[in-house]
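Novice: pasting the sequence and the predicted model now:
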Amino acid sequence: MKKTLLLLSAVLLFGYEAKVEPFDTYKIKSSVAGSVVLSNKNLEAVNVKNGLLVRLDTKKDMIDLNNLKKQAEILKQEIKNQEELVKRKKEEYETYKNLKTKSKTQKNLKFYDYINAYNQLLNLKSNLQNTIASIDKLKDTINKKNIKATGYVYKIYPNVGDYLAPGVVVADVYNVSKEKIILYVPLNEKIKPRVYINGKPSNFKIYKKYSVPDSKYITSYRVELVGKGLKIGEIVKVEFKD
(Lines give C-alpha, C1' and ligand atoms only; values in the text may rest on other atoms or scores of the structure.)
Protein backbone atom coordinates (compact mmCIF):
# COMPACT_ATOMS: atom_id res chain seq x y z
CA MET A 1 0.00 0.00 0.00
CA LYS A 2 2.80 2.41 0.89
CA LYS A 3 4.61 1.51 -2.32
CA THR A 4 1.49 2.35 -4.38
CA LEU A 5 1.11 5.72 -2.68
CA LEU A 6 4.75 6.53 -3.33
CA LEU A 7 4.35 5.70 -7.04
CA LEU A 8 1.28 7.93 -7.34
CA SER A 9 3.11 10.75 -5.59
CA ALA A 10 6.01 10.38 -8.01
CA VAL A 11 3.69 10.69 -11.02
CA LEU A 12 2.11 13.86 -9.65
CA LEU A 13 5.45 15.35 -8.73
CA PHE A 14 7.46 14.62 -11.82
CA GLY A 15 4.96 14.47 -14.67
CA TYR A 16 2.10 12.81 -16.48
CA GLU A 17 2.02 10.01 -19.00
CA ALA A 18 -0.18 10.50 -22.05
CA LYS A 19 -0.61 9.36 -25.64
CA VAL A 20 0.20 11.61 -28.60
CA GLU A 21 -2.90 12.07 -30.76
CA PRO A 22 -3.73 13.79 -34.07
CA PHE A 23 -4.67 17.43 -33.67
CA ASP A 24 -8.18 16.67 -34.85
CA THR A 25 -10.31 13.82 -36.20
CA TYR A 26 -12.97 14.26 -38.87
CA LYS A 27 -15.79 11.94 -39.82
CA ILE A 28 -16.41 12.54 -43.50
CA LYS A 29 -20.08 11.98 -44.33
CA SER A 30 -21.99 11.71 -47.56
CA SER A 31 -24.26 14.70 -48.09
CA VAL A 32 -26.15 13.07 -50.99
CA ALA A 33 -27.50 9.62 -51.78
CA GLY A 34 -26.11 7.24 -54.38
CA SER A 35 -24.45 3.95 -55.26
CA VAL A 36 -20.68 3.65 -54.72
CA VAL A 37 -18.81 3.18 -58.02
CA LEU A 38 -15.33 3.93 -56.65
CA SER A 39 -13.79 3.40 -53.21
CA ASN A 40 -10.12 4.38 -53.02
CA LYS A 41 -9.15 2.15 -50.11
CA ASN A 42 -5.54 2.38 -51.32
CA LEU A 43 -5.57 5.88 -49.77
CA GLU A 44 -5.96 4.43 -46.27
CA ALA A 45 -2.91 5.25 -44.09
CA VAL A 46 -1.94 7.99 -46.58
CA ASN A 47 -1.74 11.75 -45.99
CA VAL A 48 -3.65 13.30 -48.92
CA LYS A 49 -4.52 16.76 -50.16
CA ASN A 50 -8.01 16.99 -51.64
CA GLY A 51 -7.86 13.26 -52.30
CA LEU A 52 -10.83 11.49 -53.90
CA LEU A 53 -12.01 8.92 -51.34
CA VAL A 54 -15.32 7.75 -52.77
CA ARG A 55 -17.32 8.42 -55.92
CA LEU A 56 -21.06 7.86 -56.25
CA ASP A 57 -22.84 7.02 -59.50
CA THR A 58 -23.59 10.15 -61.59
CA LYS A 59 -24.82 8.59 -64.88
CA LYS A 60 -28.43 9.69 -64.52
CA ASP A 61 -27.35 13.08 -63.16
CA MET A 62 -25.16 13.68 -66.21
CA ILE A 63 -28.02 12.79 -68.57
CA ASP A 64 -30.36 15.14 -66.69
CA LEU A 65 -27.72 17.87 -66.72
CA ASN A 66 -27.23 17.57 -70.47
CA ASN A 67 -31.00 17.78 -71.04
CA LEU A 68 -31.28 20.85 -68.83
CA LYS A 69 -28.46 22.58 -70.70
CA LYS A 70 -30.23 21.90 -74.02
CA GLN A 71 -33.47 23.21 -72.54
CA ALA A 72 -31.68 26.39 -71.42
CA GLU A 73 -30.31 26.99 -74.93
CA ILE A 74 -33.78 26.54 -76.45
CA LEU A 75 -35.26 28.98 -73.95
CA LYS A 76 -32.56 31.54 -74.75
CA GLN A 77 -33.46 31.36 -78.44
CA GLU A 78 -37.20 31.56 -77.66
CA ILE A 79 -36.55 34.62 -75.49
CA LYS A 80 -34.62 36.26 -78.31
CA ASN A 81 -37.48 35.61 -80.74
CA GLN A 82 -40.09 36.75 -78.22
CA GLU A 83 -38.19 39.97 -77.52
CA GLU A 84 -38.33 40.79 -81.23
CA LEU A 85 -42.05 39.98 -81.30
CA VAL A 86 -42.71 42.19 -78.25
CA LYS A 87 -40.79 45.03 -79.89
CA ARG A 88 -42.96 44.84 -83.00
CA LYS A 89 -46.19 44.47 -81.03
CA LYS A 90 -45.28 47.55 -79.04
CA GLU A 91 -44.51 49.53 -82.21
CA GLU A 92 -47.88 48.54 -83.68
CA TYR A 93 -49.69 49.59 -80.54
CA GLU A 94 -47.81 52.91 -80.36
CA THR A 95 -48.83 53.59 -83.97
CA TYR A 96 -52.46 52.62 -83.40
CA LYS A 97 -53.04 54.58 -80.22
CA ASN A 98 -52.33 57.89 -81.98
CA LEU A 99 -54.47 57.21 -85.05
CA LYS A 100 -57.83 59.00 -85.03
CA THR A 101 -59.09 56.63 -87.72
CA LYS A 102 -58.89 53.66 -85.32
CA SER A 103 -61.59 52.93 -82.80
CA LYS A 104 -60.97 52.52 -79.10
CA THR A 105 -61.77 48.82 -79.43
CA GLN A 106 -59.13 48.39 -82.13
CA LYS A 107 -56.58 50.24 -80.00
CA ASN A 108 -57.42 48.09 -76.98
CA LEU A 109 -56.99 44.92 -79.01
CA LYS A 110 -53.51 46.03 -80.08
CA PHE A 111 -52.68 46.88 -76.48
CA TYR A 112 -53.86 43.49 -75.21
CA ASP A 113 -51.92 41.80 -78.01
CA TYR A 114 -48.76 43.63 -76.95
CA ILE A 115 -49.30 42.86 -73.23
CA ASN A 116 -49.91 39.15 -73.93
CA ALA A 117 -46.67 38.96 -75.90
CA TYR A 118 -44.83 40.77 -73.11
CA ASN A 119 -46.24 38.39 -70.47
CA GLN A 120 -45.10 35.41 -72.55
CA LEU A 121 -41.63 36.95 -72.60
CA LEU A 122 -41.67 37.23 -68.81
CA ASN A 123 -42.74 33.60 -68.50
CA LEU A 124 -39.92 32.47 -70.78
CA LYS A 125 -37.39 34.45 -68.75
CA SER A 126 -38.75 32.95 -65.54
CA ASN A 127 -38.49 29.43 -67.03
CA LEU A 128 -34.89 30.13 -68.02
CA GLN A 129 -33.99 31.27 -64.50
CA ASN A 130 -35.60 28.15 -63.03
CA THR A 131 -33.72 25.97 -65.49
CA ILE A 132 -30.41 27.66 -64.64
CA ALA A 133 -31.15 27.13 -60.93
CA SER A 134 -31.83 23.43 -61.61
CA ILE A 135 -28.53 23.18 -63.53
CA ASP A 136 -26.61 24.75 -60.63
CA LYS A 137 -28.31 22.45 -58.13
CA LEU A 138 -27.55 19.36 -60.21
CA LYS A 139 -23.92 20.43 -60.67
CA ASP A 140 -23.64 20.78 -56.90
CA THR A 141 -25.09 17.28 -56.42
CA ILE A 142 -22.64 15.82 -58.95
CA ASN A 143 -19.76 17.58 -57.22
CA LYS A 144 -20.86 16.21 -53.83
CA LYS A 145 -20.85 12.69 -55.27
CA ASN A 146 -17.07 13.02 -55.56
CA ILE A 147 -16.27 12.77 -51.85
CA LYS A 148 -12.86 14.28 -51.13
CA ALA A 149 -10.79 15.09 -48.06
CA THR A 150 -7.49 16.55 -46.94
CA GLY A 151 -5.52 14.88 -44.15
CA TYR A 152 -4.38 11.45 -43.01
CA VAL A 153 -6.95 8.92 -44.19
CA TYR A 154 -7.37 6.42 -41.37
CA LYS A 155 -10.34 4.42 -42.66
CA ILE A 156 -12.63 4.37 -45.71
CA TYR A 157 -15.83 2.46 -44.96
CA PRO A 158 -17.97 1.86 -48.08
CA ASN A 159 -17.24 -0.71 -50.77
CA VAL A 160 -18.09 -0.55 -54.46
CA GLY A 161 -21.76 -1.43 -54.89
CA ASP A 162 -22.85 -0.08 -51.49
CA TYR A 163 -25.69 2.42 -51.41
CA LEU A 164 -25.09 5.51 -49.30
CA ALA A 165 -27.81 7.63 -47.77
CA PRO A 166 -27.17 11.26 -46.75
CA GLY A 167 -25.37 11.43 -43.40
CA VAL A 168 -23.64 8.04 -43.66
CA VAL A 169 -20.00 8.10 -42.50
CA VAL A 170 -17.65 7.57 -45.45
CA ALA A 171 -14.23 7.92 -43.81
CA ASP A 172 -12.24 8.87 -40.72
CA VAL A 173 -9.60 11.49 -41.49
CA TYR A 174 -6.98 12.94 -39.14
CA ASN A 175 -5.41 16.37 -39.16
CA VAL A 176 -1.74 15.45 -38.61
CA SER A 177 -0.26 18.87 -39.38
CA LYS A 178 0.42 18.99 -35.63
CA GLU A 179 -0.08 16.76 -32.61
CA LYS A 180 -2.20 16.98 -29.49
CA ILE A 181 -1.66 15.60 -25.99
CA ILE A 182 -4.57 15.38 -23.54
CA LEU A 183 -3.90 15.34 -19.80
CA TYR A 184 -6.12 15.14 -16.75
CA VAL A 185 -4.64 17.23 -13.96
CA PRO A 186 -5.82 17.04 -10.31
CA LEU A 187 -8.03 19.97 -9.39
CA ASN A 188 -5.61 21.26 -6.75
CA GLU A 189 -2.62 21.05 -9.10
CA LYS A 190 -1.43 24.24 -10.82
CA ILE A 191 0.54 23.69 -14.00
CA LYS A 192 3.51 25.83 -15.04
CA PRO A 193 3.93 27.39 -18.50
CA ARG A 194 6.91 25.49 -19.97
CA VAL A 195 6.23 22.00 -21.30
CA TYR A 196 8.87 19.27 -21.14
CA ILE A 197 8.44 16.02 -23.08
CA ASN A 198 10.42 12.98 -21.93
CA GLY A 199 12.62 15.22 -19.82
CA LYS A 200 13.48 17.69 -22.60
CA PRO A 201 12.14 21.18 -23.50
CA SER A 202 9.52 20.98 -26.26
CA ASN A 203 7.61 23.24 -28.63
CA PHE A 204 4.31 22.07 -27.14
CA LYS A 205 2.09 24.80 -25.72
CA ILE A 206 -1.04 24.78 -23.61
CA TYR A 207 -3.84 24.90 -26.19
CA LYS A 208 -6.83 24.57 -23.86
CA LYS A 209 -7.12 24.45 -20.10
CA TYR A 210 -10.57 23.76 -18.71
CA SER A 211 -11.51 25.47 -15.48
CA VAL A 212 -14.19 22.96 -14.45
CA PRO A 213 -13.88 19.27 -13.48
CA ASP A 214 -13.93 16.79 -16.34
CA SER A 215 -17.26 14.99 -16.81
CA LYS A 216 -15.53 11.59 -16.70
CA TYR A 217 -12.61 12.24 -14.33
CA ILE A 218 -14.46 14.36 -11.78
CA THR A 219 -11.42 14.99 -9.56
CA SER A 220 -9.38 16.39 -12.45
CA TYR A 221 -9.56 19.06 -15.12
CA ARG A 222 -8.66 18.58 -18.77
CA VAL A 223 -5.59 20.16 -20.34
CA GLU A 224 -4.79 19.99 -24.07
CA LEU A 225 -1.28 20.58 -25.41
CA VAL A 226 -0.47 21.21 -29.06
CA GLY A 227 2.87 21.03 -30.83
CA LYS A 228 4.88 19.23 -33.52
CA GLY A 229 7.57 16.61 -33.84
CA LEU A 230 6.22 13.61 -31.94
CA LYS A 231 5.00 10.30 -33.28
CA ILE A 232 1.25 9.80 -33.11
CA GLY A 233 0.37 6.93 -30.80
CA GLU A 234 3.56 7.32 -28.77
CA ILE A 235 3.27 7.36 -24.98
CA VAL A 236 5.25 10.29 -23.55
CA LYS A 237 6.01 11.77 -20.16
CA VAL A 238 4.90 15.39 -19.77
CA GLU A 239 6.23 17.82 -17.19
CA PHE A 240 5.46 21.48 -16.50
CA LYS A 241 8.24 23.81 -15.39
CA ASP A 242 8.85 27.50 -14.87
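Specialist: That came through, no problem. Keep in mind that this is a model prediction, so the values were computed, not measured.
Novice: drop to CA atoms for contacts and neighbour counts, all remaining ones
Specialist: OK.
Novice: can you tell me how far residue 32 sits from residue 111?
Specialist: 50 Å (C-alpha to C-alpha, to the nearest Å).
Novice: which one's more surrounded, the two?
Specialist: residue 111 (19 against 16; other C-alpha atoms under 10 Å).
Novice: enumerate every residue touching the nearest residue to that one once chain neighbours are set aside.
Specialist: Sequence neighbours aside, residue 93 is the residue nearest to residue 111 in space, at 5.7 Å (criterion: C-alpha to C-alpha, 6 or more residues apart in numbering). Listed by C-alpha atoms under 8 Å, 6 or more residues apart in numbering, the contact partners of residue 93 are 107, 110-111, 114.
Novice: one more time with 10 Å, if that's ok
Specialist: When contacts are counted by C-alpha atoms under 10 Å, 6 or more residues apart in numbering, residue 93 is found next to 106-115.
Novice: longest helix in this protein, please.
Specialist: The longest helix of the chain (DSSP state H) is helix 104-144.
Novice: after it comes which helix or strand?
Specialist: strand 146-156 (DSSP states H and E).
Novice: returning to what we had before: which of the contacts of residue 93 count as buried?
Specialist: Buried by 16 or more other C-alpha atoms under 10 Å: 107, 110-111, 113-115, out of the contacts of residue 93.
Novice: the strands in the protein, which residues?
Specialist: Remark: strands assigned in the chain by DSSP state E are 16-29, 34-39, 46-56, 146-156, 163-164, 169-186, 194-197, 200-201, 205-209, 220-227, 235-241.
Novice: okay, now the domains of this structure?
Specialist: 11-57+148-241, 59-144 (automatic domain parsing).
Novice: now the longest helix of the chain: mean pLDDT?
Specialist: Average pLDDT, helix 104-144: 94.
Novice: and the spatially most distant residue from the centre of the chain, backbone torsions?
Specialist: Distance from the C-alpha centroid of the chain, by C-alpha atoms, centre = their mean, peaks at residue 101 (68.3 Å). With angles defined as degrees, to the nearest 10, residue 101 sits at phi -80, psi -10.
Novice: wait, residue 83 sits on residue 118?
Specialist: Yes: the criterion here is C-alpha atoms under 10 Å, and residue 83 meets it with residue 118 at 8.0 Å.
Novice: ok, back up a step: could you export the strands of the chain as TSV, including mean neighbour count and distance to residue 74?
Specialist: Putting those into TSV (neighbours: other C-alpha atoms under 10 Å; distance: least, C-alpha to C-alpha, whole Å) gives the following:
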stretch	mean neighbour count	distance to residue 74
strand 16-29	17	38
strand 34-39	18	30
strand 46-56	18	30
strand 146-156	19	30
strand 163-164	17	35
strand 169-186	19	40
strand 194-197	18	68
strand 200-201	12	70
strand 205-209	15	59
strand 220-227	19	58
strand 235-241	18	66
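Novice: I'd like the ones you listed written out as CSV, with distance to residue 70 added.
Specialist: Output for the strands of the chain, formatted as CSV (distance: least, C-alpha to C-alpha, whole Å):
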stretch, distance to residue 70
strand 16-29, 33
strand 34-39, 25
strand 46-56, 24
strand 146-156, 24
strand 163-164, 30
strand 169-186, 34
strand 194-197, 64
strand 200-201, 66
strand 205-209, 55
strand 220-227, 54
strand 235-241, 61
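Novice: tell me which of those lies nearest to residue 73.
Specialist: Among the strands of the chain, strand 146-156 comes nearest to residue 73, with 27.3 Å by C-alpha to C-alpha.
Novice: what pairs with that closest one, parallel or antiparallel?
Specialist: Here strand 146-156 is paired, per DSSP bridges, with strand 46-56 (antiparallel), strand 169-186 (antiparallel).
Novice: what's the angle from that strand to strand 16-29?
Specialist: 140 degrees (axes from the mean of the first three to the mean of the last three C-alpha atoms, to 10 degrees).
Novice: ok, residues contacting strand 146-156?
Specialist: 22, 24-32, 38-58, 169-177.
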